[in-house]
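A.B. asks: My questions concern the predicted model and sequence given below.
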Amino acid sequence: MAKSEHIEQTLARLPQQPGVYQYFDVDRRLLYVGKAKNLKKRVSSYFTKHHDNGKTRLLVSKIHDIQWLIAPSEADALLLENSLIKEHKPFYNIQLKDDKTYPFIVIKKERFPAFSPPANSSGTAASTLARFPASRSCTRYWTCAANSTPSAPAPSH
């Protein structure tokens, strides 16, 4: 695949760290958001491999600029990718557009805060404690937090 000089220079500057990359077209419209364990390897692969998928070939042909954000870890890159896709709704991102989200824990703002894995926290005064890219880690954290948090005293009769 032919690359512009600008893309060649951008690829040369990419770090070998985890993070999120964003592809923009000539009009500065965000086309795609992706995550990578190694930004240099992942982003460069779009321009060095043959893509059997026509949608990917079309995406690559439209890329005019690349931006990236370094993340402390692969898990952080996953969460950042999710947030950026939900915020910007890039045309070429098909996953995570439909309000799918990662599990999270809510702390209700009460005298004796309650931890809960929310089914639907809308309409309640609550704060999100954390988002988890894996539901198993959310469940473990919730169990530990719930067992170590003092609960309201039993009513006296």
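C.D. replies: It's in.
A.B. asks: Where does pLDDT dip in this protein?
C.D. replies: The model of the chain has pLDDT under 70 over residues 1-2, 95-157.
A.B. asks: Please enumerate the helices of it.
C.D. replies: Secondary structure of the chain (DSSP state H): helices at 5-13, 39-48, 54-62, 74-88, 135-148.
A.B. asks: Pull the number of nearby residues for the closest residue in space to residue 25 that isn't next to it in sequence.
C.D. replies: Leaving aside its chain neighbours, residue 25 sits nearest to residue 62 (4.9 Å; criterion: Cβ to Cβ, 6 or more residues apart in numbering). Just so you know, the C-beta spots here come from the backbone N, C-alpha and C atoms, and that holds for glycine as well. Residues near residue 62, counting by other Cβ atoms under 10 Å, number 17.
A.B. asks: Could you do residue 70 as well?
C.D. replies: 13.
A.B. asks: how far away is the closest residue to it other than its chain neighbours from residue 93?
C.D. replies: What sits nearest to residue 70 in space, not counting adjacent residues and going by Cβ to Cβ, 6+ apart, is residue 19, at 4.4 Å. Per Cβ to Cβ, to the nearest Å, residue 19 is found 16 Å from residue 93.
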